[in-house]
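Student: Dropping the sequence and predicted coords here.
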Amino acid sequence: MIRSAALADLKPMKKNDIILLAVLLIAAAAAFAGISVYSHISTKEPQAVVYLDGEEWGRYPLSEDITVEIRQEDKSYNILQIQGGKAEITEASCPDKVCVNHRPVAGQGESLICLPNKMVVEIENGNELGIDAGTR
């Protein structure tokens with residue numbers, strides 16, 4: 001009995017109701033399509049970004065094997081090698097060589113830092129690190 005009373009209160013959809021529903025469905029479909037296209041376009045390849053004294057010096061894709069000499073005005077230098085999708089410092093003019101002894105990096109947000117030479121190499125758009133990625 002309650003069910004019949006509820007059905008009796010329903011009114012047929014009017015023309016304006018149908019138009020409103022159609023507009024909402026089209027807007028939702030357009031939003032979904034826009035988000036899908038944007039996420040596909042904004043996916044960039046992983047890069048090693050080099051900063052000297054806080055300013056961007058260069059960008060190098062991890063997909064290309066390359067060796068870059070990063071030389072500064074005061075004759076200090078670092079050699080950045082990108083090979084097999086990983087970046088590492090293979091040689092440096094700094095006295096402690098901490099940057100040279102660091103393992104290669106490829107994960108999102110990982111970095112190589114040479115404090116004496118004021119140089120930072122940071123990975124952008126790299127692989128997401130798992131929970132245990134930094135415990136080597």
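Tutor: Okay, I see it. Only a predicted model underlies this, so the values are computations on that prediction, with no experimental measurement involved. Numbers count the residues shown, from 1 in each chain.

Student: for this structure, which helix is longest?
Tutor: helix 15-41 (DSSP state H).

Student: Okay, strands next: where are they in this structure?
Tutor: Taking DSSP state E, the strands of the chain run over residues 47-52, 55-61, 66-71, 77-83, 86-92, 111-114, 119-124.

Student: so which of those comes closest to residue 24?
Tutor: Among these, strand 119-124 comes nearest to residue 24, with 38.2 Å by CB to CB. Every C-beta, even on glycine, is put in place using the N, C-alpha and C of the backbone.

Student: Could you tell me which strands that closest one is paired with, and in which direction each runs?
Tutor: Sheet pairing for strand 119-124, assigned by DSSP bridges, gives strand 47-52 (antiparallel), strand 111-114 (antiparallel).

Student: What mean pLDDT does it get?
Tutor: What strand 119-124 shows for mean pLDDT is 94.
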